[in-house]
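# Sequence first, then the predicted structure:
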Amino acid sequence: SIVARFSYKKNLTVGFSRFDRPMGFGPYFNSPSNLYGLPKYGFQDRDGISEGWAVPSYFVDNEHASNWHSINNRFFIKNEFDIINEKISLKSQFYYRNTSIADDSYIWFYKPTENDEWQRLRNSYLHFSKSLGGELRTDLIFGTKNSWITGISYDWSDIEKDYRERIDNGNLDDRLLVRRNAGWDKRNAEQYHNYAMYSQVIYNMPFLNIMDVVVGIRFDYNSFYGSTTNPRLALVTNIKNKLYIKPTFGMSYRAPTHYEAYSAAVGRVSNPDLKPEKGIMTELIINWLPLKKLNIEGSLFYNRIANIIVSNVPIGDIDGDGNPNNQNQNKGKGKVFGAEFKANATISKGISAFANFTWLFDATLKEEGSEEYHAPNIADVKGNLGINISRFKPFNFDLTVNWTGNRSTLPTNPEKGLFYSVNGYIIFNITISATGLFGNYVDLSLSIRNLFDADYYDPGIRSAGAGFYPTRYPQAGRSAFFKISLKL
């Protein structure tokens, strides 16, 4: 992978990135043999028998059991210049990106037969999608404390509906073989257009000099899911630069992904009528500076989410093949209520520290026709600690500690343990950097994540029932990233 940036003064930036990441498919779709000590391809404690297709964990015919080759390319140009004495500035950007699953991607499947024997199948996969767009924004400063931001943007997307699939071997039913292989060279895609306008004003109340009013709004029209309007309102009170009180209200949305709308599988049919998920957020933030070198912030937040996209909602046999169908639908809603604490301190010259802590009092989801349950994959408590030492020029040392509490699991997940959860974890990360080397032309940095190589897991996705989808996923052990920056 490569990331490149070129900047000219402060006005022009050109960038390119390419992330080329082949990976095994098994860690994401496999039975939990390594977790429970089951035999290879074990399913629900049955020795070597699977009630569905299984993904082998090792080598098949002298190659890895799977190769999911993801490639992402992005190019962008950003430009900024002042029109009148830095009071009015114009910013613009253009981007192009594409994402693909390369044609050397494949998965070996083992499918049980009626005689309890395994049939080996090698499937190849291919996908390519692209998008481009641009944004034009104007920043205006008027008076001493007032500002106005307004802009427009346009995005065009050409998204392939699903993965192309080809069966490379096997004696599967001829109709299935012909249907899958015939689509290899036929890219089935949809094109979308998104138009957006936005504006935000920060206005200092003349009769209450300590208060700023922030009013913003954004309008989007998308040729796929229609239009959304999302306002924002905040009141910022500044008392002698020591105490800040900021209540906020806002609305947001998450558009359905192409995969959610069009992906189909055995029994699942596409749903191009999906609507965006809608959020309403309220928050009260209090920021206090008791000392010149100490900043403390606390907040309470309450968010509600509607139109949550629920996977695999039963809809009966709509295709007439005698088997029940399911579909992704906007059938859920949720709420999150919690508090957050942050602190930043300068301990001495060149030494600073930070801490933050989040506590969720309530984080629940409810699907239409079912009981409310705890939102899965979310920790009720988590926090971070860090210290930065920069007094030994040109070196900088940064140490952080990440703590995440137990995370809840889906009701279908047998990895329930106590309170239906996957255990929490603590990991340490360190970054050592040096700047301004060789005549101020070179910067170096070395980052090590999970310094002590701790074992920890994320909860499983989808049904996470220990069949095709595992109950939990092992996360990366110790990893290092070395970076060289050249200033030309």
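In hand now; what should we look at?
# So Gly439, which state does it fall into?
Under the three-state scheme (DSSP: H, G, I helix; E, B strand; the rest coil), Gly439 adopts helix.
# start the count at 52, not 1, going forward
Happy to do that; since the first residue is 52 now, the last one works out to Gly490.
# Let me know the pLDDT of it.
What the model reports as pLDDT for Gly490 is 86.
# how near is it to Leu335?
Going from Gly490 to Leu335 by Cβ to Cβ, to the nearest Å gives 50 Å. (Each C-beta comes from the backbone N, C-alpha and C, glycine too.)
# of the two, who's got more company?
Shown here are Gly490 and Leu335; by other Cβ atoms under 10 Å, Leu335 has more neighbours (14 against 7).
# Isn't that one up against Tyr353?
No. Leu335 lies out of contact with Tyr353 (Cβ atoms under 8 Å); the separation is 9.2 Å.
# Return the helix or strand in the chain with minimum mean pLDDT.
Using mean pLDDT, DSSP states H and E, the weakest-scoring helix or strand in the chain turns out to be helix 84-87, at a mean of 40.
# going on from that helix, what's the next piece of helix or strand?
For helix 84-87, the following helix or strand on the C-terminal side (DSSP states H and E) is strand 110-111.
# Show me how far that following strand is from its chain's centre.
The chain centre lies 32 Å from the centre of strand 110-111; the measure is Cα atoms, centre = their mean, to the nearest Å.
# for it, what is the average pLDDT?
76.
# ok, whichever helix or strand comes after it: who's next to it in the sheet?
On the C-terminal side of strand 110-111, the closest following helix or strand by DSSP H and E is strand 114-115. Note on strand 114-115: by DSSP bridges, its sheet partners are strand 110-111 (antiparallel).
# mind showing which ranges of the stretch 152-301 of the chain have poor pLDDT?
By pLDDT under 70, the weakly predicted segments of the stretch 152-301 of the chain are 163-169, 221-234, 258-260.
# Show me where it has its helices.
Per DSSP state H, counting those that start in this stretch, the stretch 152-301 of the chain carries helices over the ranges 225-233.
# just the strands in it please.
169-193, 197-211, 215-218, 240-255, 262-273, 277-290, 294-305 (DSSP state E, counting those that start in this stretch).
# ok, and what's touching the second one?
Contact partners of strand 197-211, identified using Cβ atoms under 8 Å, 6 or more residues apart in numbering, comprise 142, 178-193, 238-255, 309.
# which one of the strands of the stretch 152-301 of the chain is the most hemmed in?
strand 215-218 (a mean of 18; mean count of other Cβ atoms under 10 Å).
# For that one, name the packing helices and strands.
strand 169-193, helix 225-233 (3 or more Cβ pairs under 8 Å, 6 or more residues apart in numbering; DSSP states H and E).
# For the host helix or strand of Met332, buried residues please.
Per DSSP H and E, Met332 falls inside strand 328-342. Using 16 or more other Cβ atoms under 10 Å as the test for burial, strand 328-342 gives 328-330, 332, 334, 336, 338-339.
# Out of the helices and strands packed on strand 215-218, which gets nearest to Ile481?
Nearest to Ile481 among those is strand 169-193; the distance by Cβ to Cβ comes to 36.7 Å.
# Quick one: list the elements packing against that closest one.
Here strand 169-193 touches strand 139-163, strand 197-211, strand 215-218, going by 3+ Cβ pairs under 8 Å, 6+ apart.
# CSV for the ones you listed, including distance to Leu294?
What follows is the helices and strands packed on strand 169-193, written out as CSV (distance: least, Cβ to Cβ, whole Å):
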stretch, distance to Leu294
strand 139-163, 31
strand 197-211, 22
strand 215-218, 59
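# what's the closest of those strands to Ser362?
Here strand 197-211 is closest among the helices and strands packed on strand 169-193 (Cβ to Cβ), at 19.1 Å.
# Partner strands of the closest one and their direction?
strand 169-193 (antiparallel), strand 240-255 (antiparallel).
# tilt between it and strand 139-163?
If you take axes from the mean of the first three to the mean of the last three Cα atoms, to 10 degrees, strand 197-211 sits at 30 degrees to strand 139-163.
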